[in-house]
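Enquirer: Sequence and predicted structure below; questions after.
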Amino acid sequence: MPKILRTRGRTPDGWELIEPTLEELDQKMREAETEPHEGKRKVESLWPIFLIHHQRSRYVYDLYYKRKLISKELYDFCIKKKIADPNLIAKWKKQGYENLCCLRCIQTRDTNFHANCICRVPKEKLEEGRIVECVHCGCRGCSG
């Protein structure tokens, strides 16, 4: 994950408004990266990183597409500096993928039966009381 930049050059207008939140998420990312992983499965140690990556991308997406509080220039700047994931944001704009947690959940090559991840199955289609947890990112159901 890229670190939030400490720019030497010019930043777009509005950067100072979103910088504190991005710095806070960057601090959480550093803590997640250095968190001890003894006693966890290999994939479980990556779940907090996926979660923070999702939060950071969702923050930029919401500010630009939903609330319209940042300019196109600032949005493009965040994409260019890899603060937000452009591929994940592109999926969020499509119907049925509005709550997608990560791109690995829709890649069929990562599953046993070459289908979507179990967290993409709607909760009403699953057995009553069954707890669903994605092995890739720890999501508990992003199909809505």
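Expert: Sure thing, it's come through. Numbers count the residues shown, from 1 in each chain.

Enquirer: hey, let's count contacts and neighbours off CA atoms from now on
Expert: Fine.

Enquirer: just checking, next helix/strand downstream of the helix or strand where residue 23 lies?
Expert: Per DSSP states H and E, residue 23 falls inside helix 15-34. Next helix or strand after helix 15-34 toward the C-terminus (DSSP H and E): helix 47-61.

Enquirer: ok so, going back, please identify the buried residues of the helix holding residue 23?
Expert: Buried positions in helix 15-34, judged by neighbour count with 16 or more other CA atoms under 10 Å: 15, 22, 25, 26, 29, 32.

Enquirer: Apart from its neighbours in sequence, what residue is nearest the first one?
Expert: The spatially closest residue to residue 15, leaving aside those adjacent along the chain, is residue 74, at 6.9 Å (CA to CA, 6 or more residues apart in numbering).

Enquirer: these two touch, right, that neighbour and residue 16?
Expert: No: contact criterion CA atoms under 8 Å: residue 74 and residue 16 do not qualify, at 10.7 Å.

Enquirer: what about the protein, any weak spots by pLDDT?
Expert: Residue ranges of the chain with pLDDT under 70: 1-8, 144.
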